[in-house]
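# predicted structure and sequence below. I'll ask about it afterward.
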Amino acid sequence: MSHPAAPDTVAYRHLRGEAFTADEALTAQERDALRERIRRLLAERDAVLVAHYYTDAELQRLADETGGCVADSLEMARFGAEHPASTLAVAGVRFMGETAKVLTPGKRVLMPELEATCSLDLGCPADEFAAFCDEHPDRTVVVYANTSAAVKARADWVVTSSIAVDVVRHLHRRGERILWAPDKHLGEYIRRETGADMRLWDGSCIVHEEFRAAELAELRRRHPEARVLVHPESPAAVIEQADVVGSTSQLLRAVVELDAPSFIVATDAGIFHKMHEAAPGKTLLEAPTGGRSATCRSCAHCPWMAMNGLRSLAAALERSAPEVEVDPATAAGARRSLQRMMDFAAERRAAVGGDA
Ligand code: SF4
């Protein structure tokens with residue numbers, strides 16, 4: 001990976017396999033000891049580690065090495081629900097832990113840090129969202145997975161970025177009008193792709209919103225051989241320049257399958273660990289963030305994902321806390337809208353005879 005303007009960004013360090021943020025001050029010996037302790041505790045607690053692509057490379061490696069999984073939020077939920085372990089250790093942000101608890105209420109769900117949240121979740125409080133729904137009783141309510149269990153419980157459907165376009169297209173063909181929350185950029189992208197009638201909540205991801213169209217165009221001119229991969233939480237002017245628009249899993253697959261030597265990637269820098277592992281011969285370039293004259297560039301890494309670390313994971317397993325709890329009535333409502341998505345995904349996989 002090359003990025004001449006910022007040779008020691010978080011993403012660079014991530015790509016070199018160095019831990020950062022939560023575990024930055026640890027020595028190599030301390031890291032080794034923590035990794036060993038986590039392996040032992042996972043076995044003792046009958047726990048499996050489920051990590052998101054945006055978490056620290058150390059956690060992703062541990063999840064892979066210990067029989068857990070590294071995935072996007074849909075696959076994390078599916079893996080956790082199907083795995084026989086009685087405890088799920090979820091490295092990610094709070095809505096992911098809540099989703100795991102909603103889908104597997106009989107399991108203990110631990111997270112390294114319950115304060116790890118998401119700007120989309122924070123920007124869509126359940127009471128304000130309920131009022132928004134009440135104003136539009138004739139619309140089918142579709143929410144992104146990056147929401148609280150209470151918001152999911154108010155929705156008809158939950159979708160992840162990997163399946164959002166397909167679900168809304170399906171509803172549009174049935175003549176349904178959509179009320180969408182919370183990510184406005186993803187909502188606009190779905191509307192453009194499907195032509196559906198959509199009312200959008202005004203939320204955004206603080207990481208993806210920082211990608212800049214003019215600077216991206218400049219980088220593309222300097223690297224005409226590179227393909228551009230963009231997550232649809234990014235602004236429309238960035239999405240317009242993409243060769244592939246997709247979820248983290250879809251972008252990861254594109255790096256492996258597309259016949260190109262290099263890629264400009266507009267999503268959280270945490271994904272570079274898996275991309276580099278899956279396609280080691282290919283060059284990965286960070287999509288530019290911040291303005292031309294900005295003195296402080298965004299690091300393109302989610303501050304809440306970065307709260308997950310070896311220390312906090314070991315402590316959570318040691319103490320069996322913090323544990324994610326969801327009120328049973330809220331969980332039942334959220335499960336209904338989540339299950340609709342999972343059934344839709346399963347039907348679609350069956351119809352195409354493979355991965356959805
Ligand atoms: S990267 Fe954005 S969407 Fe993902 S958890 Fe962080 S703030 Fe939320």
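Perfect, thanks for sending it.
# drop to CA atoms for contacts and neighbour counts, all remaining ones
OK.
# residue contacts, the closest residue to the ligand within the stretch 101-250 of the chain?
When distances are taken as Cα to the nearest ligand atom, the stretch 101-250 of the chain reaches nearest to the ligand at Cys118, 3.7 Å away. Applying Cα atoms under 8 Å, 6 or more residues apart in numbering, we find Cys118 in contact with 93-95, 146, 205, 304.
# where does the chain come near the ligand, residue by residue?
93, 118-120, 205-207, 302 (Cα under 6 Å from any ligand atom).
# could those residues go into JSON lines alongside pLDDT?
Formatted as JSON lines, the entries for the residues of the chain next to the ligand read as follows, by pLDDT from 0 to 100:
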{"residue": "Val93", "pLDDT": "98"}
{"residue": "Cys118", "pLDDT": "97"}
{"residue": "Ser119", "pLDDT": "97"}
{"residue": "Leu120", "pLDDT": "98"}
{"residue": "Cys205", "pLDDT": "97"}
{"residue": "Ile206", "pLDDT": "95"}
{"residue": "Val207", "pLDDT": "96"}
{"residue": "Cys302", "pLDDT": "95"}
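# what about these, which one has the most neighbours?
The member of the residues of the chain next to the ligand that has the most neighbours, counting by other Cα atoms under 10 Å, is Val93 with 29 neighbours.
# what sits against that residue?
Taking Cα under 8 Å, 6+ apart as the definition, contacts of Val93 comprise 114, 116-118, 304-305.
# most neighbours among the residues you listed, which one?
Once you tally neighbours by other Cα under 10 Å, Met305 ends up highest among the contacts of Val93, having 25 neighbours.
# surely it meets Tyr53?
No: the pair Met305 and Tyr53 fails to qualify as a contact (Cα atoms under 8 Å) at a distance of 9.5 Å.
# against Cys69, how distant is the residue nearest to Arg108 when sequence neighbours are not counted?
Using Cα to Cα, 6 or more residues apart in numbering and skipping residues adjacent in sequence, the residue nearest Arg108 is Thr87, 4.6 Å away. The spacing between Thr87 and Cys69, counted by Cα to Cα, to the nearest Å, is 14 Å.
# next: Ile178.
Noted for Ile178: a distance of 33 Å to Cys69, by Cα to Cα.
# pretty sure His52 sits against Val70.
Yes: the pair His52 / Val70 is scored as a contact, 5.5 Å apart, by Cα under 8 Å.
# now list whatever residues contact both of the two.
Joint contacts of His52 and Val70 (Cα under 8 Å, 6+ apart) are 60, 76.
# just to revisit the earlier point, in helices, which of the residues of the chain next to the ligand fall?
119-120 (DSSP state H).
# dump the residues of the chain next to the ligand to JSON lines, plus distance to Ser312.
What follows is those, written out as JSON lines (distance: Cα to Cα, whole Å):
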{"residue": "Val93", "distance to Ser312": "13"}
{"residue": "Cys118", "distance to Ser312": "18"}
{"residue": "Ser119", "distance to Ser312": "21"}
{"residue": "Leu120", "distance to Ser312": "24"}
{"residue": "Cys205", "distance to Ser312": "24"}
{"residue": "Ile206", "distance to Ser312": "24"}
{"residue": "Val207", "distance to Ser312": "23"}
{"residue": "Cys302", "distance to Ser312": "17"}
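# name the nearest of the residues of the chain next to the ligand relative to Ala329.
Proximity to Ala329 was ranked across those by Cα to Cα; first place goes to Val93, at 22.0 Å.
# and the gap between that closest one and Ala116?
5 Å.
# what is in contact with the two at once?
Where contact means Cα under 8 Å, 6+ apart, the residues bridging Val93 and Ala116 through contact with each are 304-305.
# OK, contacts around the closest residue to Arg31 other than its chain neighbours?
Nearest residue to Arg31, sequence neighbours excluded (Cα to Cα, 6+ apart): Leu310, at 7.4 Å. Going by Cα under 8 Å, 6+ apart, Leu310 touches 22-23, 31, 34-35, 38, 58-59.
# where's the dip in pLDDT among these?
Across these, no position has a lower pLDDT than Ala22, which has 75.
# in a markdown table: the contacts of Leu310, plus secondary structure.
Putting those into a markdown table (DSSP: H, G, I helix; E, B strand; the rest coil) gives the following:
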| residue | secondary structure |
| --- | --- |
| Ala22 | helix |
| Asp23 | helix |
| Arg31 | helix |
| Leu34 | helix |
| Arg35 | helix |
| Ile38 | helix |
| Glu58 | helix |
| Leu59 | helix |
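# hmm, which two among these are most spread apart?
Comparing all pairs in those by Cα to Cα, the longest separation belongs to Ala22 and Ile38, at 15.8 Å.
# ok, these two, which is more surrounded?
Taking other Cα under 10 Å, Ala22 and Ile38 do not tie; Ile38 has more neighbours (23 against 17).
# now do the more buried one against the ligand, distance only.
Counting by Cα to the nearest ligand atom, to the nearest Å, the gap between Ile38 and the ligand amounts to 24 Å.
# equivalent analysis for Ala346, please.
Using Cα to the nearest ligand atom, one gets 24 Å for the distance from Ala346 to the ligand.
# got phi/psi on that residue?
Phi and psi for Ala346, reported as degrees, to the nearest 10, are phi -70, psi -40.
# near it, how many other residues are there?
Other residues near Ala346 number 14, with proximity taken as other Cα under 10 Å.
# tell me the pLDDT at it?
Per-residue confidence for Ala346 comes out at a pLDDT of 88.
# what sits against the residue nearest to Arg108?
45-48, 107-110.
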